[in-house]
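Enquirer: Here you go, sequence then predicted model.
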Amino acid sequence: MRTHSSRRLLGALAVLATLSLTATACGSDGSNAGTGGAPKDVAAALEKGGKVTVWAWEPTLKKVAADFEKKYPNVDVELVNAGTGDKQYTALQNAIAAGSGAPDVAQIEYYALGQFAIGKTVEDLSPYGAAKYGTSFTPGPWNAVTEGEAIFALPMDSGPMAFFYNKKVFDKHGVKVPTTWDEYVEAARTLHKADPKIFITNDTGDAGATTSLIWQAGGRPYKTDGTNVTVDFGDEGTRKYTATWQKLLDEKLVAPISSWSDAWYKGLADGSLATLSIGAWMPANLSSGVASASGDWRVAPLPQWTKGDKASAENGGSSLAVPKAAKNKELAYAFTEFATTGTGATSRVTEGAFPATRADLESKAFLDKPFPYFGGQQANRVFAESARNVGEDWSYLPFQVYANSIFNDTVGKAYVSPTKLDDGLKNWQDASVKYGNDQGFTVNE
Amino acid sequence: MGWGFAGPFVAVFGLVFLAPIGYAGYLSLFQDRLIGGTSFVGLDNYGEALTDPRFWDGLMRVGLFLLVQVPVMLGIALLAALAIDSGRLYGKTFFRVSIFLPYAVPAVVASLIWGFMYGNQFGLVGNINDAFGVTLPDPLSPSLVLASIGNIVTWEFVGYNMLIFYSALKVVPRSLYEAAAIDGAGEWRIVTSVKLPAIRSALVIATIFSIIGSFQLFNEPSILQKLAPNAITNDLTPNLYTYSLSFSGQQHNYAATVAIVMGVITAIIAYAVQLRGMRKG
């Protein structure tokens, strides 16, 4: 996850929402046995061996691939980095459309998975035996990859949100770590007044971050039921978010710096960007991209919309899916299962991935691990707590990739002109509705 | 017999020139939806493009860009060419090379360099603000971003146009200048009555290139978009819009339609300028 932009991560979440629907699949006998693939076929395929091509950018898959080859000597795993996020999805879509060159396994962020599921270009994994993992994964990611009985991918990691803050800056100016968003606005004012170079955070309009905070506030702007979709940014949760964020924008309390830019890393390092509300995959990015600030930062639960609450949301995360165009689906499923469950998942966590599996999330070794970057804090305890408190029933659009790409065209106006956030979100809603209807969905009707 | 000679050319021309245009035209007659797949829609896409405010606003923006940036750029290029050609400039080789140099810098790199300078947090603008305690207007704000892009494009292409003008001036026989001088013409008169008419076709060519370049504005805003995502929207220019339709929206058919409409408009305007420019007198 460390190379993604947060926008993509958010997108991933969107997919989750899209797919998070009614029931989680249970029972392992799939209904579409005709398309082939059953647990015994998977075992036979492993015996026979062959080659699996995997398109992914997640770095911890390298070790898993080597372990898999060691365990099944007849299998050859070819790990290809076909680009990160959107770039890979474009390549994947092109390969699928062309009818050749598609990989056997592809990394797809949760928010983008909906697009592939609805286009029927990824394989339903339940007949292969995936249904038995229903309880192995944490609910957020699992909801993101399932729709009814169908399982379109297996969760690879997750991004429960946490509040990262620069303790040195807070201590220097005697500011208390905010536990509510009102306190957060207050802290933003105090810090910026004490030193005009300090901003509470950066924000130039980020679809992923915005939808995640609306999620945390209890807003559920997207509802998807097959091809019937509703988009409504007028609900109470959304209004809570806009009321608070509008204050930050009006008083110019957020730095006009885009995430993942050079200026952003600089600001995180020199203390001029004091906090980040972002997914639990962030620590690896901090220790590699902002090494000089090691020891300054700490992790806390997200500030709350209602005092005393423990609400949280997801921000990012990816899954492994098997395209329908894969040549050897049984083998592809075997690798997907190996990499996302059991010892494969554990080895990836050891390498730095944030788990989507309950067993790893609850293991003592994981929870007790001290983070030297955070002054020895057992940060995983905060993340694991957040994962438990992720709000339910969130759903992304089945065309969230496109919706996110036009966020700055619409909501972005609120950042650079007198347009209000509420109006910006309304414009985003209208543009998303139009696109959805153009694409054959039934949106807001 | 004739086809034997023309054949290779016609084959390559058809393959690399006509076929892509034909294919775009073919694509523009269909619609591919996430739900429902591909269907033939006739000219519906054209109807939509002709009434699409995002497309027309983008076209108006590049039109405005063209009206301001192209005269400025060609004016500077012409001045530089005349100065170098006048023979009175000390170190003219140095000037010629250094004015031309930005053209050798790839547009992507040039945009990045200027993007760093435009930054009001950590860029040159930010440094000036800090050093002198002033607040310069943000070059990447929505109201200035088009001018900032124009500045980059001017910087990149003044040298190229200067070279076109300079080489045209080089072939004007010197004897004409002497004859004019003998007739009593001053330097300014020589410029307006001898030099400019002599390089008229070069001026027209450079203008047409610049018009096409303006309508195709893409690289610079696309690179700067990362720095100013809210000022540079996905529909800032028609080319950015087609790109976003095609690659983020998967609307290849509609993108092909917009591209064709844009191509036709560009061709009409370029042709009109050429007709007007080539007319004698």
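Expert: Thanks, I have the structure now.

Enquirer: C-alpha from now on. contacts and neighbour counts both.
Expert: Fine.

Enquirer: quick one, phi psi at the one residue in the stretch 51-200 of chain A that gets nearest to chain B?
Expert: At 6.2 Å from chain B, A:G119 is the closest residue in the stretch 51-200 of chain A, using C-alpha to the nearest C-alpha. The phi/psi pair for A:G119 (degrees, to the nearest 10) reads phi -80, psi 0.

Enquirer: quick one: contacts for it?
Expert: B:L34, B:I35 (C-alpha atoms under 8 Å, 6 or more residues apart in numbering or on different chains).

Enquirer: Report the separation between it and A:N143.
Expert: Applying C-alpha to C-alpha, to the nearest Å, the value for A:G119 to A:N143 is 18 Å.

Enquirer: Check the gap between B:T233 and A:L154 for me.
Expert: Separation of B:T233 from A:L154 (C-alpha to C-alpha): 35 Å.

Enquirer: So which of the two has more stuff around it?
Expert: A:L154 (31 against 25; other C-alpha atoms under 10 Å in any protein chain shown).

Enquirer: got a pLDDT number for the more buried one?
Expert: Per-residue confidence (pLDDT) for A:L154: 96.

Enquirer: beta partners of it?
Expert: Taking DSSP bridges as the rule, A:L154 bridges to A:L320.

Enquirer: got it, and the one 10 residues further on?
Expert: According to DSSP bridges, A:L276, A:V299 are recorded as the beta-bridge partners of A:F164.

Enquirer: quick one: it and A:S277 touch, right?
Expert: Yes: counting by C-alpha atoms under 8 Å, A:S277 is a contact partner of A:F164 at 6.2 Å.

Enquirer: Go through stretch A:132-143 and flag the buried ones.
Expert: Neighbour counts over stretch A:132-143 (16 or more other C-alpha atoms under 10 Å in any protein chain shown) mark A:Y133, A:G134, A:F137, A:T138, A:P139, A:G140, A:P141, A:W142, A:N143 as buried.

Enquirer: pretty sure the last one is in a helix, no?
Expert: If I follow you right, that is A:N143. Yes: remark: A:N143 belongs to a helix, assigned using DSSP: H, G, I helix; E, B strand; the rest coil.

Enquirer: In contact with A:N81, which residues are there?
Expert: Listed by C-alpha under 8 Å, 6+ apart, the contact partners of A:N81 are A:W55, A:A56, A:W57.

Enquirer: Phi, psi for it please.
Expert: Per-residue torsions, A:N81: phi -90, psi 100 (degrees, to the nearest 10).

Enquirer: any idea of the pLDDT on it?
Expert: 89.

Enquirer: pLDDT and distance to chain B for the contacts of A:N81 - can I get that in a markdown table?
Expert: Listed next are these as a markdown table, based on pLDDT from 0 to 100; distance: C-alpha to the nearest C-alpha, whole Å:
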| residue | pLDDT | distance to chain B |
| --- | --- | --- |
| A:W55 | 96 | 19 |
| A:A56 | 93 | 20 |
| A:W57 | 88 | 20 |
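
Enquirer: Just the element for B:W188, please.
Expert: Element membership for B:W188 (DSSP states H and E) is helix B:187-190.

Enquirer: next one: A:L79
Expert: Assigned by DSSP H and E, A:L79 belongs to strand A:75-80.

Enquirer: can you give me phi and psi for A:T230?
Expert: Backbone torsions for A:T230, taken as degrees, to the nearest 10, come to phi -120, psi 140.

Enquirer: residue contacts, it?
Expert: Per C-alpha under 8 Å, 6+ apart, neighbours of A:T230: A:P221, A:Y222, A:K223, A:T224, A:V443, A:N444, A:E445.

Enquirer: Ranking by neighbours, what's the top pick from the residues you listed?
Expert: Counting neighbours by other C-alpha under 10 Å, the top entry in the contacts of A:T230 is A:K223, with 24 neighbours.

Enquirer: Give me the secondary structure label for that residue.
Expert: Each residue gets one of three states, and A:K223 gets strand by three-state DSSP.

Enquirer: Can you read off the pLDDT for it?
Expert: 92.

Enquirer: Longest helix in the chain, please.
Expert: Just so you know, I chose chain A. Using DSSP state H, we find that the single longest helix of chain A is helix A:421-438.

Enquirer: Actually, chain B is the one I wanted.
Expert: Assigned via DSSP H, chain B shows its longest helix as helix B:53-85.

Enquirer: Give the buried residues for the helix or strand following that helix.
Expert: Sequence-wise, the next helix or strand downstream of helix B:53-85 (DSSP H and E) is helix B:92-104. For helix B:92-104, a neighbour-count test (16+ other C-alpha under 10 Å) marks B:F95, B:R96, B:I99, B:F100, B:L101, B:P102, B:Y103 as buried.
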